[in-house]
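Trainee: Coordinates only, no sequence provided:
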């Protein structure tokens, strides 16, 4: 058996030594963030630690089944902590409003898989090769002999499944499958998880998808697909912002498309963009970085100030430039 | 180590003993059928057997990458075989036109996971608990020490992935994940497979989906969703029949929907229905059987003679009756 990596040993020591914890994640949390946060919270509660689990945004409806006891709460600024653990968050800024409320801490642990992570912790376990933060939390709990209950298995399976696009992204490793199988063996309820996460879209979300499909744009020889989401779209379809997650995959999945982009005006003249790349040699994280954002090679995002027209022009230009400067290995062969 | 099940031992003996093989699958082949057929064909070719691999329909475009050497051919009726192997086919009828061309055989092996399998072989390995036929072929090749090449790993991974809905159906077992991980380790190319199978929809298919989403019907308190596919739909969107696969999942995945159904008039007054159930306690195979069809508890189908209006009325009535006679365990608690 290989010896444990030192960073895991140091984190396990910190978990043993401290008593009062705060576990934070990024705003607009996804399955990997929420799953990792609740799994680690439950593991520490089992060991009679005091744990606060915070997110500035509520748990999305489709992930609510992971949190029947409402462990995830909004941050409050009147507490002191022995140890704060940030999960799945590439920078302190990504934690949002909670940043102001974790200043009174003795120690900060940063566990993440985003390559753009700024290593803001006293201990940083940043593993860009890991397809999900939940996989790191699994390895941590196993190494520390924490009991993986069915509820923890549900959380970690959800994190792994959602951040690998249901085991489809090329980041998925052989041991990712092994861990998923282990979690199902430990009681992760595949029927419930997949029903809630993948098979329970609201009627309003279906209307939103229908609208996207009737209105998206293709440019640059159909290699780039994009669409806009506006407040009026949410109003017209009766949907809310959290329901827009995953819409981008539908246009990414069109055969000739290499890069997909969604534009969303979140405040007047503040545009949120989400990017997806289907070619492992074209990193949308690099495009996002040009606009002050970040992410993974195949999925990234940014917030950009400017008028909708200007931002769209700039972003499409950057995508087309990346496409033009990039020569697919298939062409070189 | 557990001893091998007798049925596997007997099949391995037959594979050793015979020289000229024909491997057949069902018409309108899916990833599990094509993947299983090509994997077993390649394994036998490695052992210098003569192998004909037949399907009455061509390999769907999105699975063409599995068959660069065009191993899958249409049946021809001038050959004799030592051994015919039927894969993923619940009955001889499902094999279609090939049935007439495999009469000159000494032995028939039937490997399948459909519960409705009619056990038409000299050896029948029918394992309804297996989520895919590809998983059975994997077990067979492992037990017989056949070499799992990267090409075979691609085929088997594709079969397992597609027949589990990308590891989402509750039929997916812990060892399904273990096998998937093993196949990736042996060279299954996740990037290519998922790009080809899940991320390469044609523009015409997107238009077809858009049409379905703007036109499907909900009845019985939104518990039943259905739509029609007509020749004019394929013509209008420029799509072909094979592109309709998976459309049903979009209406199944609406939150209140329990049963989804697609109607397709394949000949005048011959209607093909596809059914999906989202509740493991409501079996659509039972509904399909009422109309002479079959399948799995969560996915089934039938061909029904009658006018479109009459067939729709009968099928929706049968679905509503099944829903009404069924009391969810959640309600009983």
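Mentor: Yep, that arrived. Remember, predicted model here, so these are calculated numbers, not experimental data. Numbers count the residues shown, from 1 in each chain, chains lettered A, B, ... in the order given.

Trainee: For stretch A:148-166, which residues meet the burial criterion?
Mentor: By neighbour count on 16 or more other Cβ atoms under 10 Å in any protein chain shown, the buried set for stretch A:148-166 is A:148, A:151-166. For every residue, glycine as well, the C-beta is placed using N, CA and C.

Trainee: make that stretch A:270-290, sorry
Mentor: Applying 16+ other Cβ under 10 Å to stretch A:270-290 flags A:271-279, A:282-288 as buried.

Trainee: Just the buried residues of stretch A:148-166: which are in strands?
Mentor: Counting by DSSP state E, no part of these is found in strands.

Trainee: Among those residues, name the ones that also lie close to chain B.
Mentor: A:161, A:165, A:166 (Cβ under 8 Å from any Cβ of the partner chain).

Trainee: who are the neighbours in contact with the second one?
Mentor: The neighbours of residue A:165, taking Cβ atoms under 8 Å, 6 or more residues apart in numbering or on different chains as the test, are A:249, B:194.

Trainee: Next: the last one.
Mentor: With contacts defined as Cβ under 8 Å, 6+ apart, residue A:166 is in contact with A:198, B:166, B:167, B:168.

Trainee: can I assume the third one is in contact with residue B:180?
Mentor: Yes. With contact defined as Cβ atoms under 8 Å, residue B:167 counts as touching residue B:180 (7.1 Å).

Trainee: which residues do the two both contact?
Mentor: With contacts taken as Cβ under 8 Å, 6+ apart, residue B:167 and residue B:180 have A:167, B:161 as neighbours in common.

Trainee: Looking at those two, which has the bigger crowd around it?
Mentor: residue B:180 (30 against 23; other Cβ atoms under 10 Å in any protein chain shown).

Trainee: tell me the secondary structure for the more buried one?
Mentor: What DSSP: H, G, I helix; E, B strand; the rest coil gives for residue B:180 is helix.

Trainee: Show the model's pLDDT score for the residue lying closest to it once chain neighbours are set aside.
Mentor: Leaving aside its chain neighbours, residue B:180 sits nearest to residue A:177 (4.6 Å; criterion: Cβ to Cβ, 6 or more residues apart in numbering or on different chains). Per-residue confidence at residue A:177 stands at 98 (pLDDT).

Trainee: so how far is whichever strand or helix holds residue A:177 off the chain centroid?
Mentor: Using DSSP states H and E, residue A:177 maps to helix A:174-185. Its chain's C-alpha centre lies 20 Å from the corresponding centre of helix A:174-185 when counted by Cα atoms, centre = their mean, to the nearest Å.

Trainee: Output the contacting helices and strands for the helix or strand just after it.
Mentor: Using DSSP H and E, the helix or strand that follows helix A:174-185 in sequence is helix A:190-198. Judged by 3 or more Cβ pairs under 8 Å, 6 or more residues apart in numbering or on different chains; DSSP states H and E, helix A:190-198 is in contact with helix A:150-163.

Trainee: what sits up against the helix it packs on?
Mentor: Here helix A:150-163 makes contact (Cβ under 8 Å, 6+ apart) with A:30-36, A:38-39, A:42-43, A:63, A:65-66, A:113, A:131-135, A:137-138, A:141, A:148, A:167, A:176, A:179-180, A:183-184, A:186-190, A:192-194, A:197, B:167.

Trainee: Looking at it now, give me its mean pLDDT.
Mentor: 97.

Trainee: Pull the distance from it to the chain's centre.
Mentor: 13 Å.

Trainee: can you state the direction angle for that helix and helix A:190-198?
Mentor: 40 degrees (axes from the mean of the first three to the mean of the last three Cα atoms, to 10 degrees).

Trainee: so what's residue A:318 up against?
Mentor: For residue A:318, the contact set (Cβ under 8 Å, 6+ apart) comprises A:287, A:290, A:291.

Trainee: and residue A:36, how far is that from residue A:161?
Mentor: To residue A:161, residue A:36 is 13 Å away according to Cβ to Cβ, to the nearest Å.

Trainee: now the helices: where do they sit in the stretch 101-250 of chain A?
Mentor: Under the criterion DSSP state H, counting those that start in this stretch, helices of the stretch 101-250 of chain A are mapped to A:133-143, A:150-163, A:174-185, A:190-198, A:203-213, A:231-237, A:247-252.

Trainee: Format the ones you listed as CSV; extra columns: distance to residue B:307.
Mentor: As requested, the helices of the stretch 101-250 of chain A are arranged in CSV below (distance: least, Cβ to Cβ, whole Å):
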stretch, distance to residue B:307
helix A:133-143, 52
helix A:150-163, 44
helix A:174-185, 46
helix A:190-198, 35
helix A:203-213, 30
helix A:231-237, 36
helix A:247-252, 35
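
Trainee: Separate out the buried members of the contacts of helix A:150-163.
Mentor: Here, 16+ other Cβ under 10 Å leaves A:30-36, A:38-39, A:42-43, A:63, A:65-66, A:113, A:131-135, A:137-138, A:141, A:148, A:167, A:176, A:179-180, A:183-184, A:186, A:188-190, A:193-194, A:197, B:167 buried among the contacts of helix A:150-163.
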